[in-house]
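> Generate coordinates for the sequence data below:
(3 chains)
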Amino acid sequence: MSHFSTLRLEGVARSFGAHRALAGLDLEISGGEFIALLGPSGCGKSTALNCLAGLLPLTGGAILLDGRRIDRLAPERRGFGMVFQNYALFPHMTVRGNVGFGLKMARVPKAEAARRVAEALELVHLADQAHKRPGQLSGGQQQRVAIARAIVLEPRLVLMDEPLSNLDAALRLEMRAEIRRLHQRLGLTTVYVTHDQEEALSLADRLVVLRDGRTQQIGTPEEVYATPANRYVASFMGYRTMLDATVVTGGERPLIEVAGTRLTGQDRDGLPAGARAAVAVRPEDLDVTEDAAGGGLPATVEVVEYHGRELAVQARLADGQSVHFRTGSRLAPDDGVRLAAPPERVLVFAPDDTPVPASAAARPAART
Amino acid sequence: MSAADAGGAPPGHAGSGPGAAGGPPPPAPAHTGGRPALRHRLAERGVDRTLLLAAPGVLFLVVLFCYPLLYGVGLSFQPQKGGGALANYRRFFGDPYLRGTIWTTLRLAVPAALVNCLAAVPVAFRTRAPFRGRRLVTTLLVMPITLGTVLTAEGLLGYLGPNGWFNKALLGIGLVDHPLDLVHNYWGVLASLVITGFPFSYLLTLSYLTGIDPSLEQAAATLGAARRHRFRYILLPLLAPGLAITFCLSFVLAFAVFPSAQLVGDPRGSTHVISIEAYQAAFQSFDYSMGSAIAMIMAAVMLAVVAIVLAWRSLLYRGATGGKG
Amino acid sequence: MADVVRRPGGARDTGEPGEPARRWYRRPGNWVAVVVFGFFFVNLAGIIGVPLADSLGTRWFTSWLPDGWTTKWYGSAWREFSLGQVFWTTALVAVLVVAVSVVIGVTSAYALARRGFPGKKAVMLLFLLPILVPPLTYGIPLATVLYKFHLAGTLTGVVLANLVPSVPFVVLTMTPFIEQIDPRIEAAARMCGARTRSVMLRVLAPLLVPGILAASVLVLVRTVGMFELTFLTAGPESQTLVVALYYAVFSAGIRTQQSIDAMAVMYTGSMLVLLVIALRFVNLTQLVTRVREETPRQPGDG
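Numbers count the residues shown, from 1 in each chain, chains lettered A, B, ... in the order given. Model prediction:
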């Protein structure tokens, strides 16, 4: 199958009655890229994938492959491969039959088909299971069959719908590496749907963060991780501490006040002085400061969890808001601490109930 | 409470449970003396007081199903007119008229079951996805269940009769010159069997069909399988075991045809089915022994056909756990 | 590929969920379905229409429709066949069968759903056979036995005979239903201090109500429609509607055709009411799917 240079999604939308599952997704994918669609369940990521696969007709927008519209093609005529969340292996066929099914449909000569099936099974380390039925395989093996089945046709685009969500933690890590390895080796363009930010960050070249059917941010893992576009993306990318604050002086490095203490942060939404703000900090960016002069945010330790080399601590500020941080120093509940973070790691967003000016995102009514 | 569900105990008649206790379990434990030992022994085999709940049902069927059946078998070997244990069976298979009832019945039941199954597949396919009016359509398709054999018979007699609407319509559009002879013969009974049997095969087929994971079809589509290939390679193989069961059940239903053969058919001739013979022997000649013998033959023939179909089915893939077990 | 090239449709297809596909009429399978459905439905309409028209007509010989219309046949059928008595018997039999089969069936189903024990397969087979074997086959020996114990011809005999397929039916529909109720819910109730009685009444019963309702309605429909077993075991005083109807037709000569048709229409009418009620409570397709799960096990290792 030929590869392509660009796949363009123009305002791809899908409604179910009055419910807009996906509201105008714009995305340009270049050949060989690994894209992750990231968001919680119900954010429209699976809808987007099904629209791309052709399993769900669009209710708006267009999909163009190198300038040619493909959104009205039936799924079997798009030449995309798909790995389903529940694998959707044909239970009545052997592993070999499953993997060879697409080749059979494409009328690939028997000898060549057998060779390619064997290669694909080799690639996913299942050569010795070829005669078994899916029901006789473990979850991880079924997963590999599903992947082999999707890639044996060397499709222009591989779609993966939360392929690791049915596996246990250890296996998930292993298969994640496997998927990354296959992508590096075969260079197949991949669109990967997941709700797990870690999975998305570790696998993808670019991330698309979705919420309620709307795009929140598109960017490389570094961009999305370090500079989330809004409060929502931040909370999704592991900024666990989310504090109500007031802007004291505006600007790129605004001075903000949290629970009576002033901090310097990094402005993300262009907030003026006096505005209410939401401050997002990651647990690993906050730490106990030894500055006896009174710098940092005073807090009282509430819960301490032992995490091996460091402790995960939940503490409470003077006004009752809770903060999360990690520290190497020994702490016990009721200890008083002062917390500080580098200004560029303290992100200042507009609060959730006011419209976000920067990106036309987040529905005002929906709170997390 | 109780119960360690230990397997591996010797198979036995555990179904009826510990007969000693009898009746539903009393709520209070309070046992004395040697009782606990017995309880532990039974619990080891997965038998505990919860199992006693099954006792009434099992007992009921043993008394009202197994016993009559065995009694019938016994009775069939004690001919009323003497002549040795096998006299009834010898008489049945010796008399071409009696013997012929098997063929007469098969000739009705097999085509009826086939027609029902084959017609059910496309209709079930069409109605499996939700669409506007689906509820109405399925209700209409299932409606003949309510007709009962008698109204069906009356309707068929009037509708397919020489002066009925069907023949009038055919004559009207000039398809035939004479009214077709469709009642009081084979065709009337077949029509009745199809009308009453179709809803069941439709419902069964539909439920088997909706039981197939839709993502399998989607997976096949993303692998390049067009609609008819998806049907041929994915749905049909997965549906086939269910169709075999559907066929068996429609066959069993049709094989016992009794009222319609009497009413719409030609009960003395071409639709003298085996159940009529059994009924007449038992309740008109009052030869219960012969009646039972014929009922047993009927059951045997039926089970033979079912066994053939199920043997074929066992060659197919079935169940999600793989293997042909 | 011999595949027909699927042209992208002119107008956007936004309707049916599923696939952006050819219009329905361009698929041969749909044509077959429509023809089958049409044929079935036209004939069904005819089959129902003829007795209906006849029961409402004054005289009807060879014309398309009766000469005139009247409802007198319903009154005369009611008197002639003493239908008041027949309906009462039918209702009584049906209610008794439903009540007894639910009590016996649900308890058995609970035991089967919650316990694995040696010989379970045999017990399942025992519950499956009365459904698989047509009633006439075991009905004849059963009637013989009932005659022996002087139960045939009585209401008790009719109820007992009808229970034979009904109890297994309840068991087979309720077993999967109970299996899908997490046993940990019961365990949790016990850990909260509930005794067996309270677990049954306060925890299980409310969860089982939908299943019991569904099973009851279906048993009701089956019992009212059950011809063979009732026919074999009923006496003149214990006939249900189906059987009375059969006798009316069978001894036709002396009766007027129209009143028989009127009676058949009344039977179908009441069955239709029951079916509509049943469809309100039960998703019939799901129910068969549940039954199905039990069905394939039986012949497999036999």
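
> What about the nearest residue to residue A:84 once chain neighbours are set aside, how many residues nearby?
Of all residues not flanking residue A:84 in the chain, residue B:215 sits nearest, at 5.1 Å (Cβ to Cβ, 6 or more residues apart in numbering or on different chains). Heads up, the C-betas are built off the backbone N, CA and C, glycines and all. For residue B:215, the neighbour count with other Cβ atoms under 10 Å in any protein chain shown is 17.

> Is residue B:215 in contact with residue A:90, as I believe?
No: if you go by Cβ atoms under 8 Å, residue B:215 and residue A:90 don't touch, sitting 10.7 Å apart.

> Return the per-residue confidence for the residue in the stretch 201-302 of chain C that chain B sits nearest to.
In the stretch 201-302 of chain C, the residue that lies nearest chain B is residue C:271 (3.6 Å; Cβ to the nearest Cβ). Residue C:271 carries a pLDDT value of 85.

> For it, give me its contacts.
Residues near residue C:271 by Cβ atoms under 8 Å, 6 or more residues apart in numbering or on different chains: B:145, B:146, B:147, B:148, C:221, C:224, C:225.

> which one of the residues you listed sits closest to chain A?
Nearest to chain A among these is residue B:145, at 31.9 Å by Cβ to the nearest Cβ.

> can you count the residues close to the closest residue to residue A:249 other than its chain neighbours?
Closest residue to residue A:249 apart from its sequence neighbours, by Cβ to Cβ, 6+ apart: residue A:255 at 4.6 Å. Here the count is done by other Cβ under 10 Å, and residue A:255 has 16 residues near it.

> Spell out which residues of chain A are next to chain C.
Within reach of chain C by Cβ under 8 Å from any Cβ of the partner chain, chain A has these residues: A:16, A:54-57, A:59, A:69, A:71-75, A:77, A:107.

> re earlier: show me which parts of the helix or strand hosting the residue nearest to residue A:84 are buried, residue by residue.
Per DSSP states H and E, residue B:215 falls inside helix B:214-222. For helix B:214-222, the buried set under the neighbour-count rule, 16 or more other Cβ atoms under 10 Å in any protein chain shown, comprises B:215, B:216, B:217, B:218, B:219, B:220, B:221, B:222.

> how about the strands in chain B?
Remark: no strands are assigned in chain B by DSSP state E.

> Please apply the same query to the stretch 101-250 of chain A.
In the stretch 101-250 of chain A, the strands defined using DSSP state E, counting those that start in this stretch lie at A:157-161, A:189-194, A:206-211, A:214-219, A:241-249.

> Could you dump those into a markdown table and include mean pLDDT?
Listed next are the strands of the stretch 101-250 of chain A as a markdown table, based on pLDDT from 0 to 100:
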| stretch | mean pLDDT |
| --- | --- |
| strand A:157-161 | 92 |
| strand A:189-194 | 94 |
| strand A:206-211 | 93 |
| strand A:214-219 | 92 |
| strand A:241-249 | 90 |
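
> which stretch among the ones you listed comes nearest residue A:85?
Residue A:85 lies closest to strand A:157-161 among the strands of the stretch 101-250 of chain A, at 4.7 Å (Cβ to Cβ).

> just how off-centre is the closest one within its chain?
Relative to the chain's own centre, strand A:157-161 is displaced by 14 Å; criterion: Cα atoms, centre = their mean, to the nearest Å.

> can you check stretch A:306-317 too?
The chain centre lies 26 Å from the centre of stretch A:306-317; the measure is Cα atoms, centre = their mean.

> Alpha carbons only: can I get that stretch in PDB?
The C-alpha coordinates for stretch A:306-317 follow below in PDB (Å, rounded to 0.1, in the frame of the first residue of the first chain):
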ATOM      1  CA  TYR A 306       5.900   6.400  51.000                       C
ATOM      2  CA  HIS A 307       7.000   6.100  47.400                       C
ATOM      3  CA  GLY A 308      10.500   4.600  47.700                       C
ATOM      4  CA  ARG A 309      13.100   7.300  47.100                       C
ATOM      5  CA  GLU A 310      10.700  10.100  47.900                       C
ATOM      6  CA  LEU A 311       7.500  10.900  49.700                       C
ATOM      7  CA  ALA A 312       4.300  12.000  48.100                       C
ATOM      8  CA  VAL A 313       2.700  14.500  50.500                       C
ATOM      9  CA  GLN A 314      -0.600  16.100  50.700                       C
ATOM     10  CA  ALA A 315      -0.700  19.300  52.700                       C
ATOM     11  CA  ARG A 316      -3.200  22.100  53.400                       C
ATOM     12  CA  LEU A 317      -2.700  25.800  53.000                       C
END
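
> where in chain C is pLDDT low?
C:1-27, C:29, C:61-62, C:252-255, C:282-302 (pLDDT under 70).

> now the helices for it?
C:28-56, C:72-80, C:83-114, C:120-132, C:135-148, C:155-179, C:183-191, C:196-198, C:205-225, C:228-233, C:241-250, C:257-281, C:284-294, C:297-300 (DSSP state H).

> for the longest one, packing partners?
Helix C:83-114 sits against helix B:55-61, helix C:120-132, helix C:155-179, helix C:205-225, helix C:241-250, helix C:257-281, with contacts defined as 3 or more Cβ pairs under 8 Å, 6 or more residues apart in numbering or on different chains; DSSP states H and E.

> List the residues that contact the most centrally placed residue in chain C.
Centroid-nearest residue in chain C: residue C:222, 3.6 Å away (criterion: Cα atoms, centre = their mean). Contacts for residue C:222 (Cβ under 8 Å, 6+ apart) come out as C:165, C:166, C:169.

> now do residue C:112
Residues near residue C:112 by Cβ under 8 Å, 6+ apart: B:54, C:120, C:123, C:124, C:127, C:171, C:175.

> Adding neighbour count, write these out as a markdown table.
A markdown table is the format used below for these (neighbours: other Cβ atoms under 10 Å in any protein chain shown):
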| residue | neighbour count |
| --- | --- |
| B:54 | 27 |
| C:120 | 18 |
| C:123 | 23 |
| C:124 | 19 |
| C:127 | 27 |
| C:171 | 32 |
| C:175 | 26 |
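
> Of the residues you listed, which pair is most distant in space?
Within the contacts of residue C:112, C:120 and C:171 form the most distant pair, 12.5 Å apart (Cβ to Cβ).

> In the stretch 101-250 of chain A, which residue sits nearest chain C?
Counting by Cβ to the nearest Cβ, the stretch 101-250 of chain A gets nearest chain C through residue A:107, at 6.3 Å.
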